[in-house]
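**Student:** Have a look at this prediction, sequence included:
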Amino acid sequence: MELSLKDISVTLSGEEILKSIDLTIEDGAIISLLGASGCGKSTLLKTIAGIITPSGGSVFLNGSCADNLPPHRRGTVIVFQDLRLFPHMTVADNISFPLKMRGVSKEQCRKTAVELLEKVQLEGYGERKINEMSGGQLQRVALARALAAKPNVLLLDEPFSSLDENLRQDMRKLVLKLQKEYRITTILVTHDRQEALCMSDRIALMKSGKILQYDTPERIYHAPASREVADFFSENAYIDGTVTDHAFTCDIAAFRTEMPDGPYQAVLRPGAVRIGPWDGKRDFQVTEISYRGEDYGISLKDQTNGLVLNTSVPSPCMFKVGDLVSVQLDQEKIILLPR
Amino acid sequence: MKKWQPYLLLSPLILLGLLFLLGVGNALVQSLGYIPAFNMKEITLKYYRQVFNEPALFASVKVSLVIAAVSSVLAAVFGVVLCAALTANGRVRNKVLQIVRIPILVPHTIAALFIIMFFSQNGLLARILFHMGTLGSQADFPAILFTTNNIGIIMAYLWKEIPFVAYFVLALMSSINATLGEAAENLGAPGIKSFLHITLPLCMPAVNKAFLIIFAFSFGAYELPFLLGATIPKALPVQAYIEYINPDLRHRAYAMAMNGVMLLITLAISAVYYWLSRRTYDKGGNRFGS
């Protein structure tokens, strides 16, 4: 089902949490709401689900306004961060709860519960009590329960944040698989940029109650709309320069570009910065080295103007703090933002 | 020092506990007929036999049980309804809650005076209805005080206990409602179904405890039956007090045996209380049980 938000604003106890949010999610797509904690992404989720009433704007489901639909009739089902499984029911009763509420027969409830337990790889766990399950298993039960409600829109509120890294990967795969299989329009709330990049058809990057950019993962990463967006994905350096006659020039680089003439700011991501060549002008000093397993993160400082660049070198690292090196920029990877 | 610190901090409680146990122990010893001051030194169950052979005792036990059961069941039911209303309206932290607290703070004696003022045949309500012409005379107002139906006592208990139950359950109910209740609605349960299937069952441990507390209290409390009850039969605590103030001090053993019976019944209620809390724990419902 297509979901669209028109000019949604939310004010809670005098504070404006969401400011005029517009967003459309195509039928069957999965998108991420990405942002630091407190940016309003969970509030947006609850507003879609009808738990929070917006102070302005409307929610549309398949083109029709859902503002007057009470939460229990919206079909916008949340998998909560704290799961909220019912502790006085078995796993199977938790899963069939949404069906029971619709008056589905006991036999059918049981059948669906068994089916869904199989889908989330928990065959035979139906009669277990909630307090007999591990964290990862509970996550799957919560997902199965949400699917049992046959959601129009599935809302995942940081569902993997309490899991360790290995379980998290498994859950991501499982969610993607089921999302594709059932073709459910899905919104994933997360503060993990990697999770957003690898799971979504589109990402809505949020800050202070606004959507800064809503785009595909590739475009939001390679063509950020602003410095704030670029900063969310990497530790960047910025250099002012200008484009004249299809040529960008700044203090440390000059290259050809298709951008129109004018003042620009060059975004230097760690991937655009390389150490070398050996016979180059050695005006950068190594100020910090941090081991990251696959590689080393290195901070470099320009001796003449104080510019700080970040880059990485493969392991083993042949540099030490204090070394003087020369730096090369990969022009293909430099992003130009109009100033 | 570290090792003794907990005991030191607990000492006021231990002291009070000891005083209480001393009183109970003393009463039990006296009920067995051992009161050296009155030259009674023989340990005997005679007084208990006397108590159990007294038909008035069973009448008193029945009166006390009926008052306690009726008032506690009704208080639990209406307390839960009040609590649900407070939770549904989000009135958890405002003035309404302060009003709900007032009856809990008012002493039972004052509650009895309220009831007399409003509901006796000379009370405000009887007068108002008479002057409005609804009643032919004030005496037509139904007798609910000082009679064997004990309605006045039960009303006074309800006035105090309905808010108590609501207050006792409120914190748990509002927290369950805000999390699991919200989840249930999100999964397609309308408000009332969400309450009946999720919020209420998970609040039951607290409701049960509140029920047992008020049951044990109204079974053993003295003021309201004394002030509002019938002459015959009397509630058990009132009867015990009357036996206690008998001018013949040697009669005291009999009064204490009556107290022993009350103690037994109260202990039985406590046993149920612990059994219930234990069961909740075993069921794993302890996450939200208090």
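**Tutor:** Happy to help now that I have it. Numbers count the residues shown, from 1 in each chain, chains lettered A, B, ... in the order given.
**Student:** Now do the phi/psi pair for the closest residue to residue B:45 other than its chain neighbours.
**Tutor:** Excluding its sequence neighbours, the residue lying closest to residue B:45 (C-beta to C-beta, 6 or more residues apart in numbering or on different chains) is residue B:32, at 7.1 Å. Backbone N, C-alpha and C define where each C-beta goes, glycine included. The phi/psi pair for residue B:32 (degrees, to the nearest 10) reads phi -90, psi 10.
**Student:** residue ranges with poor pLDDT in the stretch 201-339 of chain A?
**Tutor:** Filtered on pLDDT under 70, the stretch 201-339 of chain A yields no residues whatsoever.
**Student:** Let me fix that, I meant to ask about chain B.
**Tutor:** For chain B, the stretches flagged by pLDDT under 70 are B:1, B:91-93, B:280-290.
**Student:** residue nearest the centroid of it?
**Tutor:** Centroid-nearest residue in chain B: residue B:214, 2.7 Å away (criterion: C-alpha atoms, centre = their mean).
**Student:** Name the helix or strand for that one, please.
**Tutor:** helix B:200-220 (DSSP states H and E).
**Student:** what distance separates that helix from the middle of the whole chain?
**Tutor:** Distance of helix B:200-220 from its chain centroid, counting by C-alpha atoms, centre = their mean, to the nearest Å, is 9 Å.
**Student:** coming back round to it: residue B:156 versus the residue nearest to the centre of chain B, what's the distance?
**Tutor:** For residue B:214, the distance to residue B:156 equals 13 Å [C-beta to C-beta, to the nearest Å].
**Student:** so what pLDDT did the spatially most central residue of chain A get?
**Tutor:** In chain A, the centroid-proximal residue (C-alpha atoms, centre = their mean) is residue A:196; its distance is 3.0 Å. Looking at residue A:196, its pLDDT is 94.
**Student:** and it, helix, strand or coil?
**Tutor:** helix (DSSP: H, G, I helix; E, B strand; the rest coil).
**Student:** That one reaches residue A:203, doesn't it?
**Tutor:** Yes. Between residue A:196 and residue A:203 a contact is recorded at 5.0 Å, counting by C-beta atoms under 8 Å.
**Student:** what do those two both touch?
**Tutor:** Counting by C-beta atoms under 8 Å, 6 or more residues apart in numbering or on different chains, the residues touching both residue A:196 and residue A:203 are A:32, A:34, A:217.
**Student:** What separation is there between the residue located most distally from the centre of chain A and chain B?
**Tutor:** What lies farthest from the middle of chain A is residue A:279; by C-alpha atoms, centre = their mean that is 42.1 Å. Distance, residue A:279 to chain B, using C-beta to the nearest C-beta, to the nearest Å: 65 Å.
**Student:** Is it correct that that residue falls within a helix?
**Tutor:** No. With three-state DSSP as the criterion, residue A:279 is coil rather than part of a helix.
**Student:** what's the domain layout of chain A?
**Tutor:** Domain assignment for chain A by automatic domain parsing gives A:3-230, A:234-338.
**Student:** Indicate which one of those domains is closest to residue B:145.
**Tutor:** Residue B:145 lies closest to domain A:3-230 among those, at 43.1 Å (C-beta to C-beta).
**Student:** Run the chain-centre distance for that closest one.
**Tutor:** 12 Å.
**Student:** That one and chain B, any residue contact?
**Tutor:** Yes. Using C-beta under 8 Å from any C-beta of the partner chain, we find that domain A:3-230 touches chain B at A:49, A:51, A:70-73, A:75-78, A:80, A:82, A:84, A:86-88, A:97-98, A:100-102, A:129-132, A:145-146, A:149.
**Student:** Buried among those? Need that as a selection in ChimeraX.
**Tutor:** For the buried members of the residues of domain A:3-230 next to chain B, the matching ChimeraX selection, counting by 16 or more other C-beta atoms under 10 Å in any protein chain shown, is:
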select /A:49,51,71,72,75,76,77,78,80,84,86,87,88,97,98,100,101,130,145,146,149
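**Student:** Report the spatially nearest residue to residue A:109, omitting neighbours in sequence.
**Tutor:** Residue A:109 sits nearest to residue A:96 (C-beta to C-beta, 6+ apart), 3.7 Å away.
**Student:** Could you say which helix or strand holds that neighbour?
**Tutor:** In the assignment (DSSP H and E), residue A:96 maps to helix A:91-101.
**Student:** What average pLDDT does that helix get?
**Tutor:** Averaged across helix A:91-101, the pLDDT comes to 95.
**Student:** residue ranges of the strands in the stretch 101-250 of chain A, please?
**Tutor:** Along the stretch 101-250 of chain A, the segments classed as strands by DSSP state E, counting those that start in this stretch run A:153-157, A:185-190, A:202-207, A:210-215, A:237-244, A:247-249.
**Student:** who touches the last one?
**Tutor:** Read that as strand A:247-249. By C-beta under 8 Å, 6+ apart, strand A:247-249 touches A:241, A:242, A:254, A:255, A:256, A:257, A:259, A:264, A:266, A:336.
**Student:** Most neighbours among those, which one?
**Tutor:** Tallying neighbours with other C-beta atoms under 10 Å in any protein chain shown puts residue A:266 at the head of the contacts of strand A:247-249, with 24 neighbours.
**Student:** so who does that one touch?
**Tutor:** A:238, A:239, A:240, A:241, A:248, A:250, A:253, A:334, A:335, A:336.
**Student:** thought residue A:317 was touching residue A:289?
**Tutor:** Yes. Proximity of residue A:317 to residue A:289 meets the contact threshold set by C-beta under 8 Å, at 6.4 Å.
**Student:** count of residues packed around residue A:282?
**Tutor:** Applying other C-beta under 10 Å, we find 13 residues neighbouring residue A:282.
**Student:** Name the residues linked to the closest residue to chain B within the stretch 151-300 of chain A by a beta bridge.
**Tutor:** In the stretch 151-300 of chain A, no residue comes nearer to chain B than residue A:155, which is 8.7 Å away by C-beta to the nearest C-beta. Note on residue A:155: beta-bridge partners by DSSP bridges are residue A:78, residue A:187.
**Student:** any idea how far residue A:78 is from it?
**Tutor:** 4 Å.
**Student:** isn't residue A:339 right next to residue A:263, touching?
**Tutor:** Yes. Applying C-beta under 8 Å, one finds residue A:339 in contact with residue A:263, separated by 4.3 Å.
**Student:** picking that back up, report the backbone C-alpha coordinates of the helix holding residue B:214 in CSV.
**Tutor:** Provided in CSV are the C-alpha atoms of helix B:200-220 (Å, rounded to 0.1, in the frame of the first residue of the first chain):
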residue,chain,number,x,y,z
LEU,B,200,-6.5,-6.1,33.0
PRO,B,201,-5.0,-9.6,33.1
LEU,B,202,-1.5,-8.1,33.6
CYS,B,203,-2.9,-5.9,36.4
MET,B,204,-4.6,-8.8,38.2
PRO,B,205,-1.6,-9.5,40.6
ALA,B,206,-1.9,-5.9,41.9
VAL,B,207,-5.7,-6.1,42.1
ASN,B,208,-5.5,-9.4,44.0
LYS,B,209,-3.1,-7.9,46.5
ALA,B,210,-5.2,-4.8,47.0
PHE,B,211,-8.2,-7.0,47.5
LEU,B,212,-6.5,-9.1,50.1
ILE,B,213,-5.2,-6.1,52.0
ILE,B,214,-8.6,-4.4,52.2
PHE,B,215,-10.3,-7.8,52.9
ALA,B,216,-8.0,-8.5,55.9
PHE,B,217,-8.4,-4.9,57.1
SER,B,218,-12.2,-4.7,56.9
PHE,B,219,-12.4,-8.2,58.5
GLY,B,220,-10.3,-7.1,61.5
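**Student:** Can you tell me which helices and strands the helix or strand that it is followed by packs against?
**Tutor:** Moving toward the C-terminus from helix B:200-220, the next helix or strand (DSSP H and E) is helix B:223-228. Judged by 3 or more C-beta pairs under 8 Å, 6 or more residues apart in numbering or on different chains; DSSP states H and E, helix B:223-228 is in contact with helix B:55-88, helix B:108-119, helix B:151-176, helix B:236-244.
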